[in-house]
Every structure is written in structure tokens, then in C-alpha cells.
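**Student:** Below are the sequence and a predicted model for it; my questions follow.
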Amino acid sequence: MDKKIKLPENVKRIIETLNSKGYNAYAVGGCIRDSLMNKCPSDWDICTSSLPQETLDTLGKNNIIENGLKHGTVTVHIDNENYEITTFRTDGIYLDNRHPENVIFVRDLKEDLSRRDFTVNALAYNDSDGLIDLFKGTDDIKNRCIRCVGDPDRRFNEDALRILRALRFSSQLGFTIEDETSYSIHKNAMLLKNISAERIMSEFVKILTGANVEDVLMNYYDVVSVFIPEIKPMIGFRQRNPHHIYDVWKHTVKVISHIEPQKVLRLAAFFHDSGKPSTFTIDKNNIGHFHGHPDISELIANDVLRRLKADNNTISKVRLLVKLHDLRPSATSKNVRKMLAKTGAENFLLLLKLKWADAMGQNPLLLNEKLKYIDELEKIYNSEITGDSAFTLKQLKINGSDLKRIGINEGKKIGIILKCLLDCVIEGELENDQEKLLGAASEINKRL
Ligand code: ATP
Ligand code: MG
């Protein structure tokens, strides 16, 4: 790999400034890995032999964010970008599979590279010394391989989050995990129990949204089931139904890989059939059914996402999509309006994406019919969704105050009337027009 790495001007300037005071400094980690792969790095990290105070003294106090100082990190903010400058360090002993007891600042780059997680992340570069690759990281990039720096068992015992980081890089980069590292991941997966929910969730979402998610979930479901044991019954669960050719887990993984790599959609795909094993019944013709599974899947999604400390907005969107994923009314305007009333306009297309991916993970012989149906729903949606459409109370052209103005004052009555008007609009029996709605409201009021 003879690729020349091109440091951004600001990174060059920081390195040169530190060099001018006699310190070593390099761009390090993911930015070098990505540059060697011709990918645009998301950020540039710098490591240096200067102690944090020396870094501060050298770079001046301007544009400095002193947040991670005690861990040896000085953050510089230039041109709207943050650059983390970390003093070369080794980690002290680890007692809890999470954090070193202390960090020890050192002057030697080699020691700093040795404490990094994977060979492809243990690369450093500056223009005068060129690429520093002490652990054959370049070969591993060429061979598309994730391999621990040093002994995998020791490295995963030090910090068990590295187990998920390995899966995450494999999913994002499409790299295979090297045998010894892979063996150690399976062996030490239980150590993830010592890692906080927030750190797990952040890596889990990166695993799910990676391009190579299918391989990772098929090969490392034992790791995922350490923090989501709810998936265990799905693995190998035969569906015995003509719509399906895969077991519940393999189907789930196929659906995830067929939906776009966006957090909510991938999480919804992950959970959509999790309620299947517990709702399984078999009829007299030996056909399997899963009546009511979306409701159970929704409960499981809610439990797991709360436990993993996902944010409320993510949880409620995932729940909604999981709950509604199996709705299959015939493709008529009225039914689409009813679906819209349940999803809200902003989630309807997300639901169709989930339904599309769900179909892609089922029996290919029945696929065309299912895709045609989803297409129909989308066409109707496009013609239904106009400025005058109303699928929620908010979109009705009148509200409670309008009703008060025509003499309907009781709160409970107002609620009933508005709901009734919305139902009529959704059913296509009434136009969403202010005058017509008010007329209908007084009619309903007389009958209440
Ligand atoms: P990304 O492109 O997602 O930012 P990255 O490789 O830069 O990927 P970061 O989490 O930003 O990953 O970490 C920066 C570098 O710090 C890594 O490349 C690796 O060298 C080191 N590193 C990060 N976390 C760990 C860890 N838990 N154990 C050992 N080294 C780590
Ligand atoms: Mg990074």
C-alpha cells in the first residue's frame, strides 16, 4: 500500500508547531486507516510526546477545549473542526474489564500504538517520518482483516467494549475478523455484561448500520444475545409457513440488510419479528402461524431499547413501525387514509420501507406480488397526501376553539365531535373544509 497520505493543512500546522518545540506528533488511528482505504476520515486524531500542559503551552490558550485533560487529551477547535491531541500513553492495569486504573504518559510512540485495539487502528503518520506501522496494520487493511494488537484474550479482558468495536469495524468496513481474534470474541463475550448500556448502544447502532451487517449478525449472534437475550428464541426457529424460507433469525438479518442503513429503520427491522417464537401456533395442515406477533415484538423492542438507554424519540418510532409492520389491508384510498391515521404522514413511507425489506427476506416465489402491493400503497399515498388531507386531529381544518364559537363548550363533547369528524374525513364521507366541518359538528352535537 504505497498510497501517500495527505494531511489536512490544520493537522500539518498542529504537528509542525509541536515539532518546533522538540515534541513528536503524528496523525493516528482511524484517520490513517481511512486514508489508506481512500475513504474520507470523519475526524483527525493526533498523538504527541508532549504532556498535556506542554501541548497547551505550545499551542497557546486560544481555541483550546480543556475537556479531556486528565486523560491526556487537549481538543483544539479550528475552522469549525475539533482536533483531539492526546499524549502518548500506556494504560495501567484493568480491574473491571472497562477502564484502566490509571493512564501513564510516555514519550515513546511505540508504547502508545501497543495499547490501541486493532492493527488497522494502530497506524500513525507524519510527513517527516512517513507511515509508522509496527503491527502489520497495512497488510491487514490489504487483506481486509480485523486483528487485535497483541493477545486477544488479554485485550478483551482489559476493555470488553473492544469486542463490540471489532464487530463494528467488521460491519462498517466489510473486514473479516481474524481467527484468533474471532475465537477470543466468542470466548469472552460474557465480559460485555460489565459494559455500560450507553457504550453498548452506541456500538450496536454502528454495527446495525454497517454495510456488512448480515455477516456480523449471522456469525456473532451469541455476542449480541449477551446484551439482548430476547433474540435467543429466534435463532434457528423454523417458521413452517409457505411465505418463509428462512428461520426467524435469518429472516430478520435479511430484512435488516435490505433496509437502508438508518438507525430507526434498522432497529425496527431488528425487532419486527422478535415476538414470533412466543406466538407460534401450528394448524391442522401443519402450517405455522404467528397471530399477534407484532404486539409482542413491540413490547420486546420497548423493553430492550429502554434497557439500552435509547432516546425516547427513537423508541417511539421503532415501536410504531414494529407494531404496524404486518398491516396488509387491500390497497384502497380509504385503507391508506386509515393507515396514515395510525402512522402519521411522517412515518408512512418508513413503514413501506420496512414492509418492502420484510418482503425481500421472504419466499422469493411470492415476492413480486408483495412488491406490487407495496407499490400500490405508495401510489395511493402520493395521490392522497395533499394540502387538504387530514389523518390526525391536528390536520383538521377546525379545532376546539372553532367549536366553542358555535356554542359547543363542554370539553368532553368537543373531543368526541372532533374525533368523529376526523373519522368521517378519513372514511371519505366528509371534506376537510371549515364550513362543512362546522355544519357536520352542529349536526353531531344535536344527536349527542
Ligand atoms: P471512527 O472512524 O468511527 O471514528 P476510529 O478508529 O477513529 O473510527 P475512535 O473511536 O474514534 O475510532 O477511536 C480513535 C482511535 O483510538 C482508534 O482508531 C484506536 O486506535 C483507539 N481506540 C479507541 N477506542 C479504543 C479502545 N476501546 N481500546 C483501544 N484503543 C482504542
Ligand atoms: Mg475517530
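**Tutor:** Yep, it's here. Residues are numbered from 1 along each chain as shown. Ligands and ions are numbered 1, 2, ... in the order given.
**Student:** Just to check, K276 is in contact with F290?
**Tutor:** Yes. In terms of Cβ atoms under 8 Å, K276 counts as a neighbour of F290; the distance is 4.6 Å. In short, each C-beta sits where N, CA and C put it, glycine included.
**Student:** neighbour-wise, which of these two wins?
**Tutor:** Neighbour totals were compared for K276 and F290, and K276 leads with 25 against 20 (other Cβ atoms under 10 Å).
**Student:** For E81, give me its contacts.
**Tutor:** Residues in contact with E81 (Cβ atoms under 8 Å, 6 or more residues apart in numbering) are N10, D43, W44.
**Student:** Touching both of K276 and F290, which residues are there?
**Tutor:** With Cβ under 8 Å, 6+ apart as the test, K276 and F290 both reach Q239.
**Student:** re the thing from before, what subset of the contacts of E81 is buried?
**Tutor:** Buried by 16 or more other Cβ atoms under 10 Å: W44, out of these.
**Student:** From the contacts of E81, pick the one nearest ligand 1.
**Tutor:** Distance ranking of the contacts of E81 against ligand 1, using Cβ to the nearest ligand atom, places D43 first at 6.1 Å.
**Student:** who's in contact with the residue of the stretch 151-300 of the chain found nearest ligand 1?
**Tutor:** For the stretch 151-300 of the chain, the residue closest to ligand 1 is D159, as judged by Cβ to the nearest ligand atom, at 4.8 Å. Residues counted as contacts of D159 (Cβ under 8 Å, 6+ apart) are Y94, N97, R98, H99, D117.
**Student:** And those, which is closest to ligand 1?
**Tutor:** Comparing the contacts of D159 against ligand 1 with Cβ to the nearest ligand atom places D117 closest, at 3.6 Å.
**Student:** Hmm, F156 and the closest one touching each other?
**Tutor:** No. Applying Cβ under 8 Å, one finds D117 not in contact with F156, separated by 9.5 Å.
**Student:** so who does the residue in the stretch 1-150 of the chain that ligand 1 sits nearest to touch?
**Tutor:** In the stretch 1-150 of the chain, no residue comes nearer to ligand 1 than G30, which is 2.3 Å away by Cβ to the nearest ligand atom. The neighbours of G30, taking Cβ under 8 Å, 6+ apart as the test, are P41, S42, D43, D45, N121.
**Student:** out of the residues you listed, which are buried?
**Tutor:** With burial judged by 16+ other Cβ under 10 Å, the buried subset of those is P41, D45, N121.
**Student:** of the residues you listed, list those near ligand 1.
**Tutor:** On the criterion Cβ under 6 Å from any ligand atom, D45, N121 are the entries of those that sit beside ligand 1.
**Student:** I'd like the list of the buried ones among the contacts of G30 that fall within strands, please.
**Tutor:** Cross-referencing the buried ones among the contacts of G30 against strands under DSSP state E gives D45.
**Student:** what does this structure put close to ligand 1?
**Tutor:** Taking Cβ under 6 Å from any ligand atom as the contact definition, the chain meets ligand 1 at G29, G30, S42, D45, R116, D117, N121, A122, D159, L161, R162.
**Student:** of the contacts of E81, closest to M190?
**Tutor:** Closest to M190 out of those is D43 (32.3 Å), distances taken as Cβ to Cβ.
**Student:** Is it correct that the closest one falls within a helix?
**Tutor:** No. Counting by DSSP: H, G, I helix; E, B strand; the rest coil, D43 is not found in a helix; it is coil.
**Student:** Report pLDDT for it.
**Tutor:** pLDDT recorded at D43 is 94.
**Student:** what's the answer for N368, then?
**Tutor:** Turning to N368, the model gives it a pLDDT of 97.
**Student:** Next: N67.
**Tutor:** 74.
**Student:** Around it, how many other residues sit close by?
**Tutor:** For N67, the neighbour count with other Cβ under 10 Å is 12.
**Student:** what helix or strand is the nearest residue to it once chain neighbours are set aside on?
**Tutor:** The shortest distance from N67 to any residue other than its chain neighbours is 6.1 Å, reached at T75 (Cβ to Cβ, 6 or more residues apart in numbering). According to DSSP states H and E, T75 maps onto strand 73-78.
**Student:** Just to check, N286 is in contact with N241?
**Tutor:** No. At 10.0 Å, N286 and N241 do not qualify as touching, with contact defined as Cβ under 8 Å.
**Student:** quick one: which of D117 and F156 has more around it?
**Tutor:** Counted by other Cβ under 10 Å, D117 and F156 do not tie: F156 has more neighbours, with 24 against 21.
**Student:** list the contacts for that one?
**Tutor:** Shown in contact with F156 (Cβ under 8 Å, 6+ apart): C148, R162, I163, S184, I185, N188, L191.
**Student:** go with 7 Å
**Tutor:** Listed by Cβ atoms under 7 Å, 6 or more residues apart in numbering, the contact set of F156 reads R162, I163, S184, I185, N188, L191.
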